[in-house]
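>>> Okay, predicted coordinates and the sequence, questions at the end:
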Amino acid sequence: MIVPLDPIIHAPVRLQICAILSATDEAEFARIRAEIDVSESVLSKHARQLEEAGYLAIRKAVLGTRQRTWLSLTAAGRRAFATHVKALLALVAGPATREE
Amino acid sequence: MPDPFDPAAALDLTLRTRANLADHSVARWYAPLYGLNCGIAIAAHSLAQPWATTVTIVAVLALVTQYRYWTDTSGLQVSATRAGSTLPTTLVYLAVFFVIGGGALALRYDRDIIWAPLVAGVVLVPVAAYASARWDRIWRDEMRRL
């Protein structure tokens, strides 16, 4: 059976956001931005798209006088990312594997 | 950026992103300090009251503070009990901690063997430090694969 690619996760920046969040419970917005080296506005735009799809949760927290934004994958987001990676692996492996 | 329609490039990007996160998340100070705080929390019970309780509370607060400091500086939150390849290490460590720590407290308070928590605390320092370092290594190894 061919597992379809998820169009929400497919874009490189959103794929990278999911890759980081899949390894953690939560990651700070600034940390993700530093890891994938994009501007705040670009990261915000992609994070919002993931949030609208129900894949991402956004939490604001205040530390001292500084507000920090934490991002995490929802259960649906974790499932979607795992399925997307599975689909990529199947595509790389070739048609024989995809028709198992 | 890879071609979004190239699955191999997308997989490579995913792996590289996670591997970079693993490389940037090394905190060598964490495990020794964790071991020390766990050992002190148990060893404190060789002291007389109220010092036993006071030092234990301070050690537990130090554990919480250490995790919060790591979270604040790393920008990451990772639960020790998360599902995945780290879980067996967590469960084995918790079992060892409760056997050694609980056994020592039982000897101290049921049989009045005052030095038992001190010995257990000294044993727990390297055990907890090793468990923490191992957990960290497994977590970072997990990030380097899909």
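Cool, the structure landed. Numbering: from 1, shown residues only, chains lettered A, B, ... in the order given.

>>> switch to C-alpha atoms for all contacts and neighbour counts from now on
OK.

>>> Next one: the most centrally placed residue in chain A from A:Thr65, what distance?
Central residue check for chain A by Cα atoms, centre = their mean: the C-alpha nearest the mean position is that of A:Cys18, 2.0 Å away. Computed as Cα to Cα, to the nearest Å, the A:Cys18 to A:Thr65 distance reads 29 Å.

>>> same check, this time on A:Gly54
Going from A:Gly54 to A:Thr65 by Cα to Cα gives 30 Å.

>>> now A:Ala93
50 Å.

>>> Check which helix or strand the spatially most central residue of chain B maps to.
By Cα atoms, centre = their mean, chain B has its centre lying nearest to B:Ser132, at 3.8 Å. If you go by DSSP states H and E, B:Ser132 is part of helix B:116-143.

>>> List the buried residues in that helix.
For helix B:116-143, burial by neighbour count (16 or more other Cα atoms under 10 Å in any protein chain shown) applies to B:116-136, B:138-143.

>>> neighbour count winner among A:Ala93 and A:Thr65?
A count of neighbours by other Cα atoms under 10 Å in any protein chain shown puts A:Ala93 above the other of A:Ala93 and A:Thr65, at 13 against 6.

>>> can you count the residues close to B:Thr73?
A count of neighbours around B:Thr73, defined by other Cα under 10 Å, yields 10.

>>> helix or strand for it, which one?
helix B:51-74.

>>> Could you confirm whether that helix reaches chain A?
Yes. Using Cα under 8 Å from any Cα of the partner chain, helix B:51-74 reaches chain A at B:Ser74.

>>> quick one: contacts of that helix?
Identification of contacts with helix B:51-74 by Cα atoms under 8 Å, 6 or more residues apart in numbering or on different chains yields A:31, B:25, B:30, B:34, B:37-38, B:40-42, B:44-46, B:76-77.

>>> which pair in the residues you listed spans the largest distance?
A:Arg31 and B:Ser46 (42.8 Å; Cα to Cα).

>>> Counting neighbours around each, name which of those two comes out higher.
B:Ser46 (22 against 18).

>>> in what helix or strand does A:Val62 lie?
strand A:56-63.

>>> Just list what that strand packs against, helices and strands only.
helix A:40-52, strand A:66-73 (3 or more Cα pairs under 8 Å, 6 or more residues apart in numbering or on different chains; DSSP states H and E).

>>> how about the ones you listed in JSON lines, adding mean neighbour count, distance to chain B and mean pLDDT?
Shown next, in JSON lines, are the helices and strands packed on strand A:56-63 (neighbours: other Cα atoms under 10 Å in any protein chain shown; distance: least, Cα to the nearest Cα, whole Å; pLDDT from 0 to 100):
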{"stretch": "helix A:40-52", "mean neighbour count": "16", "distance to chain B": "14", "mean pLDDT": "95"}
{"stretch": "strand A:66-73", "mean neighbour count": "19", "distance to chain B": "8", "mean pLDDT": "92"}
